[in-house]
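Student: Need coordinates for the below:
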Amino acid sequence: MALIEALEKAIGKDNVLSSEEACRPYECDALSAYRQKPLAVALPENVDQVRQVLKLCKQYQTPVITRGSGTGLAGGTLPQADSVILGLAKLNQILQIDPLQRTAIVQPGVRNITISEAAAKYNLYYAPDPSSQIACSIGGNVAENSGGVHCLKYGLTVHNVTSITVLDMDGDPIIFDEKDDGIDLLALMNGSEGLLGVIVEIKLKLLPKPEAAQLVMAAFNSVDQCADAVTSVLKQGIIPAGLEMMDQFAIQAAEDFAQVGYPTDAAALLLCEVDGSHDQVQVDSQRVADILSANGAHQIQVSQNESQRLALWQGRKNAFPAVGRYSPDYYCMDGTIPRSQLAYVLQKISQLSNKYGLRVANVFHAGDGNLHPLILYDANKPGELEQTEKFGAEILRLCVDVGGTITGEHGVGVEKLDSMCHQYSDAELEVFHGIKKVFDNTGLLNPGKAVPTLHRCAELGHMHVHNNQLPHPELERF
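Tutor: Alright, predicted model coming up:
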């Protein structure tokens with residue numbers, strides 16, 4: 001094919017994959033329920049080669065799906081049959097660490113944890129820490145606006161990025177910086193899921209490592225008690241570095257997998273970490289323990305050293321693979337709700353679990369209400385995936401109906417397209433499409449993701465069409 005030959009000439013045959021067996025590993029991301037083999041995979045070694053790939057794809061009118069480490073959970077890098085996967089794994093250099101300014105300039109293929117490892121000699125680190133941080137790429141973190149167990153105090157990716165350089169479909173660079181005047185376009189690029197440009201360089205904030213950190217683990221006899229305890233901690237003016245909650249199923253799974261000493265008889269488990277100076281940590285950890293005890297915690301453990309603190313976190317950070325041992329497949333949802341609705345939403349999820357006959361393990365960032373229900377299913381059983389998708393869609397509608405959103409950090413991808421129609425009006429979606437058109441008027445950057453067509457929403461019955469007018473035809477191709 002002419003495009004493949006042109007790519008091989010531009011970036012080298014070794015950097016272009018086109019055979020059946022070579023392309024199969026790129027047919028999905030971590031949402032493996034949806035698969036599609038791409039036309040080809042381009043693996044550029046530098047920014048100039050990225051530019052050449054984009055120009056050729058525009059010339060041949062071929063969709064481009066940018067991919068990092070493939071750890072995304074929403075199908076954000078699902079290929080189209082006629083698309084080129086633009087893999088940025090080889091752009092994996094830390095270009096600069098400035099210990100005085102506390103910043104790092106990195107390429108998009110750098111793994112999240114590598115940044116903190118490189119900054120450690122300056123007693124600095126990069127705060128956002130998704131569960132997949134040993135594998136996920138920083139470019140993917142920006143594209144999905146990833147969080148992690150410490151996002152309550154230190155923010156999501158968007159709060160820790162100071163500058164982003166992207167290439168448009170012409171291969172031209174655009175720099176978005178926090179110092180720019182006017183509309184906050186830097187924030188717009190965080191979570192843009194590869195629809196607006198290809199990220200080639202990122203400047204990140206680094207933080208000083210705190211003097212001390214201590215983890216308080218509390219077991220509760222009911223989910224309601226645990227949810228109320230979350231609110232009580234925050235009402236006392238304490239801002240934990242991390243505040244994570246797990247239900248009984250997730251506790252059992254994590255303990256079986258990591259064997260860190262979780263109380264498997266608990267109905268709910270809360271992990272609350274405080275950090276800062278040694279004296280402040282001692283005061284805050286005792287205050288937290290007292291608050292949790294007053295809210296009904298029947299067992300409290302406070303980490304006594306760094307190794308114990310890290311061990312207690314391992315259960316939570318390994319919750320996803322731990323739950324995977326109980327079922328051939330699981331579907332990881334991602335919705336955000338007001339903290340005041342935690343108990344109610346978990347009760348409704350339990351009812352939906354009975355309705356669909358599918359088990360659910362709940363693990364989530366309780367501090368900011370970011371839920372991660374894990375629905376267990378077997379794709380080999382006819383119709384079970386479809387039931388799982390319906391179950392997940394009901395959870396997302398529930399999140400919106402109680403005042404939340406359909407995603408906290410995993411992005412929309414293809415997974416939540418229909419749910420976008422439930423959360424946003426037709427007028428809001430028109431704005432999204434307008435932004436897309438400004439940055440990518442070809443519609444070739446990651447088409448069919450994140451923002452549904454207005455026609456699709458109208459078919460689902462979620463869209464309010466004003467004056468009986470049909471959606472704008474020019475918006476439907478995105």
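Student: Report the distance from stretch 115-126 to the chain centre.
Tutor: The offset between the C-alpha centroid of stretch 115-126 and the centroid of the whole chain comes to 22 Å, using Cα atoms, centre = their mean, to the nearest Å.
Student: so who does G109 touch?
Tutor: G109 makes contact with 68-69, 88-92, 137-139 under the criterion Cβ atoms under 8 Å, 6 or more residues apart in numbering. (C-beta placed from N, C-alpha, C; glycine too.)
Student: my bad, V363
Tutor: Listed by Cβ under 8 Å, 6+ apart, the contact set of V363 reads 244-247, 250, 316, 319-320, 372, 374.
Student: give me phi/psi at the residue lying closest to Q423 once chain neighbours are set aside?
Tutor: Distance criterion Cβ to Cβ, 6 or more residues apart in numbering; nearest residue to Q423, sequence neighbours excluded, is V400 at 4.9 Å. With angles defined as degrees, to the nearest 10, V400 sits at phi -70, psi -40.
Student: count of neighbours near V400?
Tutor: 17 (other Cβ atoms under 10 Å).
Student: One more: Q341?
Tutor: Burial measure for Q341: 18 neighbouring residues, criterion other Cβ under 10 Å.
Student: That one reaches G404, doesn't it?
Tutor: Yes: here Q341 reaches G404: they are 7.3 Å apart, a contact under Cβ atoms under 8 Å.
Student: before we move on, the earlier item: where does the residue nearest to Q423 sit relative to Q351, distance-wise?
Tutor: From V400 across to Q351, the span is 17 Å (Cβ to Cβ, to the nearest Å).
Student: just F176 next, same as before
Tutor: 44 Å.
Student: Looking only at neighbour counts, state which of these two leads.
Tutor: In this view F176 and Q351 are compared by other Cβ under 10 Å, and F176 has more residues nearby, 21 against 11.
Student: where's the more buried one relative to V161, distance?
Tutor: The gap separating F176 from V161 is 9 Å, by Cβ to Cβ.
Student: Find residues that contact each of the two.
Tutor: Overlap of the contact sets of F176 and V161 (by Cβ under 8 Å, 6+ apart) consists of L186.
Student: So the nearest residue to P328 once chain neighbours are set aside versus E193, what's the distance?
Tutor: With Cβ to Cβ, 6+ apart as the measure, D378 is the residue that lies nearest to P328, at 4.9 Å, once sequence neighbours are left out. To E193, D378 is 29 Å away according to Cβ to Cβ.
Student: which one of those two has more residues nearby?
Tutor: Between D378 and E193, counting by other Cβ under 10 Å, E193 is the more crowded of the two (23 against 14).
Student: what helix or strand does that one sit in?
Tutor: Here E193, judged by DSSP states H and E, is contained in no helix and no strand.
Student: repeat for I202
Tutor: Per DSSP H and E, I202 falls inside strand 198-205.
Student: Contacts for that strand next, please.
Tutor: Residues lying outside strand 198-205 but in contact with it, judged by Cβ under 8 Å, 6+ apart, are 47, 50, 54, 64, 66, 86, 88, 91, 95, 102-108, 115, 126-127, 138-139, 142-143, 160-168, 173, 189, 445.
Student: what's the answer for stretch 292-302, then?
Tutor: By Cβ under 8 Å, 6+ apart, stretch 292-302 touches 214-222, 225, 228-229, 232-233, 261, 263, 266, 270, 272, 285, 289, 312.
Student: one more time with 6 Å, if that's ok
Tutor: Taking contacts as Cβ atoms under 6 Å, 6 or more residues apart in numbering, the residues outside stretch 292-302 that touch it are 216-221, 225, 228-229, 232, 263, 285, 289.
Student: D168 touches G197, doesn't it?
Tutor: Yes: under the criterion of Cβ atoms under 6 Å, D168 lies in contact with G197, with a separation of 5.5 Å.
Student: Comparing those two, which residue is more hemmed in?
Tutor: Using other Cβ under 10 Å, the more surrounded residue of D168 and G197 is G197, with 23 against 19.
Student: That one is in contact with M169, isn't it?
Tutor: No: taking contacts as Cβ under 6 Å, G197 lies outside contact range of M169: 8.4 Å.
Student: now stretch 52-60: mean pLDDT?
Tutor: On average, the pLDDT along stretch 52-60 is 98.
Student: For that stretch, buried residues please.
Tutor: For stretch 52-60, a neighbour-count test (16 or more other Cβ atoms under 10 Å) marks 52-58, 60 as buried.
Student: Need the nearest residue in space to T407, chain neighbours excluded.
Tutor: For T407, ignoring the flanking residues on the chain, the nearest one in space by Cβ to Cβ, 6+ apart is D334 at 5.2 Å.
Student: if we can go back for a sec, could I get the contacts of V363 as JSON lines with secondary structure and pLDDT?
Tutor: As requested, the contacts of V363 are exported to JSON lines (DSSP: H, G, I helix; E, B strand; the rest coil; pLDDT from 0 to 100):
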{"residue": "E244", "secondary structure": "strand", "pLDDT": "96"}
{"residue": "M245", "secondary structure": "strand", "pLDDT": "96"}
{"residue": "M246", "secondary structure": "strand", "pLDDT": "96"}
{"residue": "D247", "secondary structure": "strand", "pLDDT": "96"}
{"residue": "A250", "secondary structure": "helix", "pLDDT": "96"}
{"residue": "R316", "secondary structure": "helix", "pLDDT": "92"}
{"residue": "A319", "secondary structure": "helix", "pLDDT": "90"}
{"residue": "F320", "secondary structure": "helix", "pLDDT": "87"}
{"residue": "H372", "secondary structure": "strand", "pLDDT": "95"}
{"residue": "L374", "secondary structure": "strand", "pLDDT": "96"}
